[in-house]
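[1] Just to be clear, the model below is a prediction. Sequence and coordinates:
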There are 2 protein chains.
Amino acid sequence: MAAVFEVDASSMPVNEDLAKERATASFNVTELTHILDGGPEKTRRRKELEHLVLTDPVFKNQDVLYMNKSEAYDHAVHKSVRLIQLRKKYLWSDEEAELVAQKINASEEAFTLHRDMFMPALERLCTDEQKAKWLPLAINHHIIGTYAQTELGHGTNLMKLETTATFDANNEEFVLNTPRISSMKWWPGALGKSSTHAIVLAQLTIGTRHYGLQAFIVPLRSLEDHTPLPGVHVGDIGPKLTLSHVDNGFLILKNVRIPRENMLMRNAIVTRDGKFIALKGDKSNYSTMMYVRVMITRWAFGILSRAIVTGVRYSAVRRQSSLKLSGDELQILDYQAQQYKIFPAVAAMYSIFFTSQRMTKAYNDSLPELLNGNNALLAEFHSQSSAMKALCGEISAEHVEIMRRALGGHGFMKLSGLTDLHHASLVLITIEGENTVLYQQTARYILKQLAAAVSGEHVRGTSAYLGQSFDDIRQIESEADCRDLDLLLNLYKKMAQRIVSQTGQHLQADLEAGLPKDEAWNKNMVSLVRAAKVSGKHAITSFSNVEALRNLKGTASPELVTVLSKLCCLFSLYVIETNSGHFLETEAISSVQLEIIRRAEMQLLQEIRPEAVALVDAVDVPDECLKSALGCYDGNVYERMYAAALNEPMNKSEVHPSYYKYIRGLLRGTVSKL
Amino acid sequence: MAAVFEVDASSMPVNEDLAKERATASFNVTELTHILDGGPEKTRRRKELEHLVLTDPVFKNQDVLYMNKSEAYDHAVHKSVRLIQLRKKYLWSDEEAELVAQKINASEEAFTLHRDMFMPALERLCTDEQKAKWLPLAINHHIIGTYAQTELGHGTNLMKLETTATFDANNEEFVLNTPRISSMKWWPGALGKSSTHAIVLAQLTIGTRHYGLQAFIVPLRSLEDHTPLPGVHVGDIGPKLTLSHVDNGFLILKNVRIPRENMLMRNAIVTRDGKFIALKGDKSNYSTMMYVRVMITRWAFGILSRAIVTGVRYSAVRRQSSLKLSGDELQILDYQAQQYKIFPAVAAMYSIFFTSQRMTKAYNDSLPELLNGNNALLAEFHSQSSAMKALCGEISAEHVEIMRRALGGHGFMKLSGLTDLHHASLVLITIEGENTVLYQQTARYILKQLAAAVSGEHVRGTSAYLGQSFDDIRQIESEADCRDLDLLLNLYKKMAQRIVSQTGQHLQADLEAGLPKDEAWNKNMVSLVRAAKVSGKHAITSFSNVEALRNLKGTASPELVTVLSKLCCLFSLYVIETNSGHFLETEAISSVQLEIIRRAEMQLLQEIRPEAVALVDAVDVPDECLKSALGCYDGNVYERMYAAALNEPMNKSEVHPSYYKYIRGLLRGTVSKL
């Protein structure tokens, strides 16, 4: 279909409104970009990698919107193979490979499970001998692997997984089976069509004795022709909310025999004659789980930041209505209600960035100690990473969707990019641990810390506030006080401490009244989840607002520190205001103070207004990665929308086939009678 | 792909857990079904229509999950034509046709715009002579029409629409043009491929004078071969978040000439010699807008109720984990955290049902008066319908998504049905008026009512509470008080009155301080939206809880009234608890009372537990309409999931084509070097 209006946006000047916005910022955009990348050198390297990947013909995604599931999978496989080639050629480090996968390629690959789960599991679960056999095969992609744990009937409760592995001493083999329909493996990525091998979690039986869950490496497909091996029934589980390019699969095993050596024996051994010997396991299982949760906080930043880039730029370009009877229409970014949808999201984005940065550093710093069995550190980090995975995902999803709705009707179109980001943010909530379960893990830890604090022990780490007194903290008396991050942090601490204490008291009272432990826990479950959430929000405020800014004050320019301080204040005030019940209930604030907080919040919206476009330009997402007609750097929104519509396959012919099949008869009154 | 396990769920008995649940309800399910349908006779007729439609081969939607946009559109056209045939044959009333379209067919049709917008607009905007010409053509589907208002650059601000219609007196014609890219019509349903005609909103010019927005009927496609007429550039706008079966379109007009008679002249006339004569318009434009908003509250019920049917049944079937160290796994419906996700949604569903029922009745009762120019009634109804459209949509979307997440990983699959319902609920938010704009319309009205109340006038209708005093209302002193709906309603009134008053005072203060009206409004916009929301929540509580139950007490059985009372209490308490800041801030409740409210809420969860499955069975959605492997009546969840996966097109061949293209070379190390 030929264009009636000019649609080549790349030949047009930048939208005037957007160009003006870029002149109003008080800080240096490049300085902020360097902070987000981790330094000028990292920015340079990122841009180099971006150029390399985005100029490669395989990564031009123009028609990805119109692909069906099978085509999307095919394209993802193509991209994955290409990335493997590029990585080999240019000798990318792990960090660079992650950068390319997550930031540039937006994770639209097929073999992420091989890299992120299969290979780390081999590292973790293999003996040295097994590693020597399997790792080179995996590294060189002579095999493609996945990690098959979840079953149709069990996700959260791993102990009840039903797949069986029975030792046959005569043949020195394990015989794997899927006893019931609920025992089918279901969900593993790359299982449906890609993987030649899987690490299968199964219940081990030797003779009449059961030895619990063990990991086995099971060949799934012929290395000759990729057909499933005898007894292996494998396929794709079907359409999902998103990730249509990933072949999440099901797997049924019928008397599948594997040699004894295919049990991964780092933590337990089965000898030739069928003796089971448990070994002292290390904590590396936990460390992988925590690593993934920390990674999810980074993904949360990546997804939210893209949504916000689009949201802010489009709101600067779009003009609609006016509050006066005459005169120009306003940029929608000038409406307070729009600012209230967008700027707290900008603030949340930077808060999540600082949180994920802090979590990543803490993980890297403490990994050696974690592996050496520092159980206190492990418990603290496990609790933190559970809450941060859940909270960063939820905050990201919440604000992405607020942003999508803030784009009005156009946010409903895929060309906005926001629909895909909405779905991507929902992935964060569902994967790697159900959030309500994670919050309960955090709650268990906090209550232990509370008990320690109450009994006079010195509590350290993120729950130190549980042992402190907040009776005499400074109160908000003016809007100026709302700019004092330490003061605001104390309000969070007071609020969280009281809610955690209250929850602990209720649980204790129920136990003392004679309720069995399980019933008492269930009776207080909603409170326990709330306690974990509020303490997690305290942690984000603490990490992002106070610690990060303290660190930046020594190194960043004063203008930038000023703007980031405003964002941190806004995030803190927004969380207080939108959760005002918690703060009022615990007397951390009064009704009068809430009014002051609201005024300070609205004042901050005004002050952030001229910085808004620069704050998202700093994220420095290339248009090719943003994939949004509404969010492009040049702001030529309508041209890009029209250009996108011209590519819609339905427009290839002027008259749709359904005309000849149905509509013509209807119009002529000749549709066959019933 | 052949099934390894038995998957014919229809031949299996009902899941044991689900069967047990059905025996625990205290009330008669059929009685509740009759209430939801509007009486036993309506239930009978609905079931008759369901049978008729669902046994028709065209309506078996089994493969709809795997269709691309073009196929989905084709299927929708097929269904639409079939529905037109069925309606003609069986002489369905309008109400029955809506029932079939919304409830049974879940609105997956192509020509809804023709029925819901084009024909009503003809009714509203045509002279009698024009009606005589166009309506029979439309009724008999000799033409298919759409309503082309929104443009790429303008949705909310209709006055700034840019399409032009210039009168050519010499030829007695209008010449229509799309002057700029932003003036393209964009969004109208059925515009892209289906419609032969459109009612186009355009700015009228005669000579050098402008006469504002007028409606014109413009032929788009040849009635001979469906090709676009000269000067008409029309097509599909491309992929959206959902509704892929609808050909939302764009339209560019280049010197398109239509006869003078094609201006719809009920409200204004252009004479042969180019004189413009404005006539006294009626309020029918408003009434149509309000009708659509009331209809959206019904859709909100339809979407939310389906999500809840699935959520409750699956939570009864799914067993996972246990809080004891040993013993059976619990039904997830037994966890307090799961109940807290699901039962408030059940309560919200019934509240929305009562609200939409009330709004529908009010609309029907007051329509004659509205059309006769009762401006006070119009203002009240406009304000109410704006807030209810926005709130019912938002409540529905919120709970559908909570429900989807509550299904864990399986809620991420399309076979759950929840992904589609999630998207359908998001439609409600975006269509028919941006919610932030609607809330401001409500706020304008409420502030007028407040001013009246303050100046001593007697305020009636839903804002009567603005003139009342709540200083001496009864307080919550015990959990038993939390079962007193009148008491709870007074808490809502007190809260809403104070927040509305506070908002009014702030706005007034800014005006008195000399701020221009537009700036003062913008400075208070976030507060104004909040005021509209809280007064809307008051209205829902008032309609659903108090009025509906009062009506039911005379007619329904005591057991049913008891259960519905519990749900209404739960909804009221849930709204208070999740918005506790508003209630604490306005001293409608204290912190101590909030604790009582939480206990009462948790107690209600326990009491509703044995009624839960019956409460959703009563909605009586046939499995074919529910389209959920997780929510089917028989509860054979895993069999249906496996059966669905076997239908996935990716499973048609054991080896995917991408193996031959990319994977084989990768595995063999023969991928071409860079």
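    Now that the structure is in, tell me what you want to look at. Please read these numbers as outputs of a predicted model, since none were measured by experiment.

[2] any low-confidence regions in the stretch 201-350 of chain A?
    Of all residues in the stretch 201-350 of chain A, those with pLDDT under 70 make up the ranges A:282.

[3] and the gap between A:Ser478 and B:Leu135?
    66 Å (CB to CB, to the nearest Å). Heads up, the C-betas are built off the backbone N, CA and C, glycines and all.

[4] Also A:Lys283?
    If you go by CB to CB, the gap between A:Lys283 and B:Leu135 works out to 76 Å.

[5] same question, A:Ile608
    54 Å.

[6] Name the single longest helix found in chain A.
    As assigned by DSSP state H, the longest helix anywhere in chain A is helix A:336-371.

[7] hang on, the earlier thing: more neighbours: which of A:Lys283 and B:Leu135?
    More crowded of A:Lys283 and B:Leu135, by other CB atoms under 10 Å in any protein chain shown: A:Lys283, with 17 against 14.

[8] The more buried one contacts A:Pro368, doesn't it?
    No: between A:Lys283 and A:Pro368 there is no contact under CB atoms under 8 Å: 11.4 Å.

[9] wait, what's in contact with the spatially closest residue to A:Lys494 that is not a sequence neighbour?
    Excluding the flanking residues, the one nearest A:Lys494 by CB to CB, 6 or more residues apart in numbering or on different chains is A:Phe470, at 3.7 Å. Listed by CB atoms under 8 Å, 6 or more residues apart in numbering or on different chains, the contact set of A:Phe470 reads A:Asn490, A:Lys493, A:Lys494, A:Gln497, A:Ala588.

[10] Give me the subset of those residues lying in helices.
    Counting by DSSP H, the part of the contacts of A:Phe470 found in helices is A:Asn490, A:Lys493, A:Lys494, A:Gln497.

[11] between those residues, which is nearest chain B?
    A:Lys494 (13.6 Å; CB to the nearest CB).

[12] A:Ser11 versus the closest one, what's the distance?
    58 Å.

[13] More neighbours: those two, which one.
    Applying other CB under 10 Å to A:Lys494 and A:Ser11 shows that A:Lys494 carries more neighbours, namely 22 against 9.

[14] I'd like to know how far the more buried one sits from A:Cys569.
    Taken as CB to CB, the span from A:Lys494 to A:Cys569 is 18 Å.

[15] Okay, buried residues for stretch A:366-384 please.
    Residues A:Ser366, A:Leu370, A:Leu377, A:Leu378, A:Ala379, A:Glu380, A:Phe381, A:His382, A:Ser383, A:Gln384 are the ones in stretch A:366-384 that count as buried (16 or more other CB atoms under 10 Å in any protein chain shown).

[16] Near chain B, which residues of the stretch 251-400 of chain A? Just list them.
    Within reach of chain B by CB under 8 Å from any CB of the partner chain, the stretch 251-400 of chain A has these residues: A:252, A:254, A:319-324, A:329, A:334-338, A:340.

[17] give me that answer again for 6 Å
    A:Ile252, A:Gln320, A:Ser321, A:Leu323, A:Lys324, A:Gln336, A:Ala337, A:Tyr340 (CB under 6 Å from any CB of the partner chain).

[18] For those residues, pick the one with the most neighbours.
    Ranking those using other CB under 10 Å puts A:Ile252 first, with 23 neighbours.

[19] To which secondary structure element is that residue assigned?
    Assessed by DSSP states H and E, A:Ile252 sits inside strand A:249-253.

[20] Show me what that strand is in contact with.
    A:148, A:176-178, A:184-186, A:188, A:191-192, A:233-237, B:4, B:645 (CB atoms under 6 Å, 6 or more residues apart in numbering or on different chains).

[21] sorry, back to before: neighbour-wise, which of the contacts of A:Phe470 leads?
    Neighbour counts for these peak at A:Ala588, which has 26 neighbours (criterion: other CB under 10 Å).

[22] pLDDT score assigned to that residue?
    With respect to pLDDT, A:Ala588 scores 97.

[23] cool, A:Gly669 as well?
    pLDDT, A:Gly669: 89.

[24] if I look at it, how far off is B:Ser544?
    46 Å.

[25] Likewise for A:Leu485?
    A:Leu485 is 43 Å from B:Ser544, by CB to CB.

[26] Helices of the stretch 551-674 of chain A, residue ranges please.
    A:558-578, A:580-585, A:591-608, A:612-617, A:623-626, A:637-647, A:657-658, A:664-668 (DSSP state H, counting those that start in this stretch).

[27] what's the answer for the stretch 301-450 of chain A, then?
    Counting by DSSP H, counting those that start in this stretch, the helices of the stretch 301-450 of chain A are A:336-371, A:375-406, A:418-430, A:435-454.

[28] by contact count, what packs against the shortest one?
    If contacts are counted by 3 or more CB pairs under 6 Å, 6 or more residues apart in numbering or on different chains; DSSP states H and E, helix A:418-430 sits against helix A:284-317, helix A:375-406.

[29] and if you look at the second one?
    In terms of contacts (3+ CB pairs under 6 Å, 6+ apart), helix A:375-406 is packed against helix A:284-317, helix A:336-371, helix A:418-430, helix A:435-454, helix A:525-540.

[30] now the last one
    Based on contacts counted as 3+ CB pairs under 6 Å, 6+ apart, the elements that helix A:435-454 packs against are helix A:375-406, helix A:485-512, helix A:525-540.

[31] The last one near chain B anywhere?
    Yes: among the residues of helix A:525-540, A:Met525, A:Val526, A:Val529 lie within reach of chain B under CB under 6 Å from any CB.

[32] just checking, what packs against that helix?
    By 3+ CB pairs under 6 Å, 6+ apart, helix A:525-540 packs against helix A:375-406, helix A:435-454, helix A:485-512, helix B:336-371.

[33] let's see it at 10 Å
    In this structure, helix A:525-540 packs against helix A:336-371, helix A:375-406, helix A:435-454, helix A:485-512, helix A:558-578, helix A:580-585, helix B:336-371, helix B:591-608, with contacts taken as 3 or more CB pairs under 10 Å, 6 or more residues apart in numbering or on different chains; DSSP states H and E.
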